[in-house]
Each structure stands twice: as C-alpha cells, then as structure tokens.
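**Q** pasting the structure only:
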C-alpha cells in the first residue's frame, strides 16, 4: 500500500507540470498563426478611381496612392524612402516605401524584432509575390487598439540586391500592394 501511495504522490506533480506545459503551449500557438501562402497580392477593396500614380525611376518602382496624400522623398546615405502623407491632420491611409541595400532575411528579422518590442501582437505572416519577386507580408495589431485603427502591415520584397519595405495600415496595404510595380 505504501508503494502505491508513493507512486500516486509522484504522479500528481508530473500531471500538474504536464498541464502547465500544455496550457503555455496553447497560448503560444494562439499568438503565432500558421503561415499562409499567397501567389498574388490581394485585390483592392475600395474605389480607387481618383487615385494618383507615383513613379520613381531611380528607386525603380511605381505605386498608386489616394489623391489627398502627398509623396515626400527622403534620400540619405543609408536608405531611400518615399512617405505618402496627409497635410494637416493624421490620415489612416498614410504609408511609406523604404528602399535599402540590405539582405532580405535580415530586414525580415529586423522588422519582426521591432514588432515584438513595440506594443503590437503578431497576427499573420504571408508569403507574397510581386511581378515574380518573392516577399513576405507581416500583419499585426496594436495591443491597446484604437477604434480608428485596423492594425498595421509590412510588406518586404527583395529585388536585385535591394529590399523594398512598405509600411501601412492593414486596409491600406490591401489597397496599395496590388498597385505596387517594379520598373524595368
């Protein structure tokens, strides 16, 4: 009888430890969704008939943007960037295209690190292709959401030794990514 009670006493802590590990594993799984794969970017979701087209031959890309935004180029020795912003007040459809001479995997790692250190919750990671060039889209939500925000997104695409990173809200990414084109 003493042998049986000793076994039961040892079995209880093992069951408790296994339960804790399963619960922790469940929460980790909830925070990291399965990687989705997409052959083409999503289709635009709203009327874009009044949008303008920005073309930059030096950076070798073009993209459509809402007509109330203005592009502003920011070129310095380490990166080149075009910010599409609204004059006056904040607009949720503002976005930025950053072009760097970087290794694709290093940029993805860097963006993921920034997301993890900020007040964001990772939502999904999607493989994308833009004109035959591979990339990745990272979507995330603010831990303390505002009713006006739908979350944020980063699309990172590699082409000819350059990395193009598009920063925007989720909704804006769904609209601009299908219009993003590389120039020949």
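**A** On my side now, so go ahead. Bear in mind that the values here come from a model prediction, so they are computed numbers and not experimental data. Numbers count the residues shown, from 1 in each chain.
**Q** Which element is encountered next along the chain beyond the lowest-mean-pLDDT helix or strand in the chain?
**A** When the helices and strands of the chain are compared on mean pLDDT, DSSP states H and E, strand 36-37 comes out lowest with a mean of 38. Beyond strand 36-37 in the direction of the C-terminus, DSSP states H and E gives the next helix or strand as strand 52-56.
**Q** quick one: buried residues of that following strand?
**A** By neighbour count on 16 or more other Cβ atoms under 10 Å, the buried set for strand 52-56 is 54, 56. Backbone N, C-alpha and C define where each C-beta goes, glycine included.
**Q** Show residues contacting that strand.
**A** 61-67, 71, 73, 82, 84, 179, 183 (Cβ atoms under 8 Å, 6 or more residues apart in numbering).
**Q** Residue 140: which of the residues you listed is nearest?
**A** Distance ranking of those against residue 140, using Cβ to Cβ, places residue 84 first at 20.4 Å.
**Q** Return the residues in contact with the closest one.
**A** Counted by Cβ under 8 Å, 6+ apart, residue 84 has contacts 54, 65, 66, 69, 70, 71, 72, 94, 95, 96, 97.
**Q** Residue 116: what secondary structure?
**A** Under DSSP: H, G, I helix; E, B strand; the rest coil, residue 116 falls in the helix class.
**Q** I'd like the distance between the nearest residue to it once chain neighbours are set aside and residue 142.
**A** In space, residue 116 comes closest to residue 122 once its chain neighbours are excluded; the distance is 7.4 Å by Cβ to Cβ, 6 or more residues apart in numbering. Using Cβ to Cβ, to the nearest Å, one gets 12 Å for the distance from residue 122 to residue 142.
**Q** hmm, back to that, give me the buried subset of the contacts of residue 84.
**A** By neighbour count, with 16+ other Cβ under 10 Å, the contacts of residue 84 hold 54, 65, 66, 69, 94, 95, 97 as buried.
**Q** Among the residues you listed, which one lies nearest to residue 77?
**A** Proximity of the buried ones among the contacts of residue 84 to residue 77 was ranked by Cβ to Cβ; the top entry is residue 97 with 18.0 Å.
**Q** Could you give the number of residues near residue 51?
**A** 19 (other Cβ atoms under 10 Å).
**Q** And the protein, what are its domain boundaries?
**A** Domain assignment for the chain, taken from automatic domain parsing, gives 1-31, 36-182.
**Q** Helices along the chain, start to end?
**A** 2-31, 104-117, 170-176 (DSSP state H).
**Q** If you count neighbours, what's buried in the last one?
**A** Read that as helix 170-176. Residues of helix 170-176 classed as buried: 170, 171, 172, 173, 174, 175, 176 (neighbour count, 16+ other Cβ under 10 Å).
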